[in-house]
Structure formats: C-alpha cells, structure tokens
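Novice: coords please:
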Amino acid sequence: MHLPALISDLGFILITAAIVSLLFKKLKQPVALGYLLAGFLVGPNWQWFPTVTDTQSIQVWADIGVIFLLFGLGLEFNFKKLSQVGNPAFVITFFEVACMLGLGFLTGRILGWNSKDSLFLGAMLSISSTTIIVKSFEELGIKTKRYVSLVFGILVIEDLFAILLMTLLTTFSLSKNFSGEEFFFSMGKLGFFLILSFTLGVYFLPTL
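Specialist: As a prediction, the model looks like this:
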C-alpha cells in the first residue's frame, strides 16, 4: 500500500523524535534539545540517513507548530510580572545583546566576511530561543523559582530586540542605498505595531 509522502514523512518525524526524546530522558537532558537534534537528523542534510521528501508540506506544519508554541507562551505572559523585573531585565538584555552583537560582528570580520554578513551573524548570536528555554525550565521543574521571572523578562525583551533587529536588517539588506528616511519609516511601523499590541494585550484582551 502506497502512503502519501506527507503521511510517511510525519510518521518518520514522530518515530525519530520519540527515539531521540527517550534517549535524552535517559541522559537526563532537556527533551527540547533532543527535538532539535531530531529535526536536524530528518532534514535534508544527510545522504546516509533517511530524510523527509515533501519538504514544503513539512515546512507548513513546522510553522503551525511554532505558532502554537508562541501562542501557549503568550497565554502565560503577564505584564505585571514583567514590570516587577523590568529595569534589571532591560539593563541585562541591552548589555547582553550589545556584547553578542559586537562579538558576532568581530568574529565575522576575522573570518573574512563582509560587514553585512558579519552584522547578521552578530544578530543571530544575540538572540536566545524563548520557546526552548521555557520548555527546558518546565522539564527541569524550576518554573516556580524566583530567578525564572527575571529570565523570562529578559527573554521577552530579547524578543522585542529581535523584532527591531529583523526590521532594520531586512530594510538594510533589501535596500541598496539605506537612507535615513527608510530607517525612520521602518521604526515608525515597528513602534505603531508594538504600541497597538501592548494596548490590546493590557486593556482589551484580558477583559474578553
């Protein structure tokens, strides 16, 4: 019986993820890291290991999974808790992003990359994965610790920095002549989106 490519790919992904997750549980490591390894193994990276065939459909399902993960994190998000750790979280995040951005840019230049590629490398290194860290905290059973609120606040502010960096880098990479007008226009759109999201999240959505 011939199965559609999507069905066989999903079965292969689930089996690989189950095996890797059991292995990481035996090793007492976060299962989220095992999922990353499973995704790397089933991807089109190896000639000697079975890989998915219908990559476009799998990409759609992967995007849906990320949406549900971020939606679940958003349900747990609390602006009051963030305000309690706001100043320390902002200072730590600003220092961490600035250091990693500079370190990544310097590393790229040492490797002989141009300024644009080096800047993208620094941006990638400066942002952590909120979903992976929160999932690891859940598995380790430390979400109730006092310092977790600070870490979560840092991750949220990092996500805001990530939006800023993606907006600026996208505009910079797509424009041959990056002008101040484009910069302020991009910042204006970003500011409007953040203010709208904050207003809806604080004053309207909690009442629904």
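Novice: So for the protein, the centremost residue is which one?
Specialist: residue 129 (4.1 Å; C-alpha atoms, centre = their mean).
Novice: Let me know the helix or strand that residue 125 is in.
Specialist: helix 115-126 (DSSP states H and E).
Novice: Check what contacts that helix and list those residues.
Specialist: With C-beta atoms under 8 Å, 6 or more residues apart in numbering as the test, helix 115-126 has contacts from 96-98, 100-109, 113, 158, 161, 165-166, 169, 172-173. (Each C-beta comes from the backbone N, C-alpha and C, glycine too.)
Novice: Dihedrals phi and psi, the residue nearest to the centre of the chain?
Specialist: With angles defined as degrees, to the nearest 10, residue 129 sits at phi -90, psi 110.
Novice: re earlier: tell me the buried residues in the helix holding residue 125?
Specialist: 118-123, 125-126 (16 or more other C-beta atoms under 10 Å).
Novice: Next, the angle from the longest helix along the chain to helix 115-126.
Specialist: Among the elements of the chain assigned as helix by DSSP state H, the one spanning the most residues is helix 146-174. Helix 146-174 and helix 115-126 are oriented at 160 degrees to each other (axes from the mean of the first three to the mean of the last three C-alpha atoms, to 10 degrees).
Novice: any idea of the mean pLDDT for helix 146-174?
Specialist: Mean per-residue pLDDT for helix 146-174: 76.
Novice: Give me the next element, helix or strand, following the worst-scoring helix or strand of the chain on mean pLDDT.
Specialist: Across the helices and strands of the chain, mean confidence by mean pLDDT, DSSP states H and E is lowest for helix 79-84: a mean of 64. Sequence order places helix 86-110 as the next helix or strand after helix 79-84, per DSSP H and E.
Novice: Other residues contacting that following helix?
Specialist: 82, 115, 117-119, 121-127, 150, 153-154, 156-158, 161.
Novice: run the last query once more with 6 Å
Specialist: 117-119, 121-122, 125-126, 150, 153-154, 157-158, 161 (C-beta atoms under 6 Å, 6 or more residues apart in numbering).
Novice: for whichever strand or helix holds residue 16, which positions count as buried?
Specialist: In this assignment (DSSP H and E), residue 16 forms part of helix 5-26. Buried residues in helix 5-26, counting neighbours by 16+ other C-beta under 10 Å, are found at 6, 9-10, 13, 16-17, 20-21, 24.
Novice: Now the two most distant members of the residues you listed.
Specialist: Greatest spacing in those, by C-beta to C-beta: 6 and 24 (26.5 Å).
Novice: before we move on, the earlier item: out of the buried residues of helix 5-26, which comes closest to residue 36?
Specialist: residue 20 (9.2 Å).
Novice: any idea how far residue 39 is from that closest one?
Specialist: Taking C-beta to C-beta, to the nearest Å as the criterion, residue 20 is separated from residue 39 by 9 Å.
Novice: ok, now how distant is residue 132 from residue 139?
Specialist: 11 Å.
Novice: domain ranges for this protein?
Specialist: If you go by automatic domain parsing, the domain ranges for the chain are 1-76, 77-90+126-208.
Novice: Out of those, which gets the lowest mean score?
Specialist: domain 77-90+126-208 (a mean of 71).
Novice: Check which helices and strands the longest helix of the chain is in contact with.
Specialist: Here helix 146-174 touches helix 86-110, helix 180-199, going by 3 or more C-beta pairs under 6 Å, 6 or more residues apart in numbering; DSSP states H and E.
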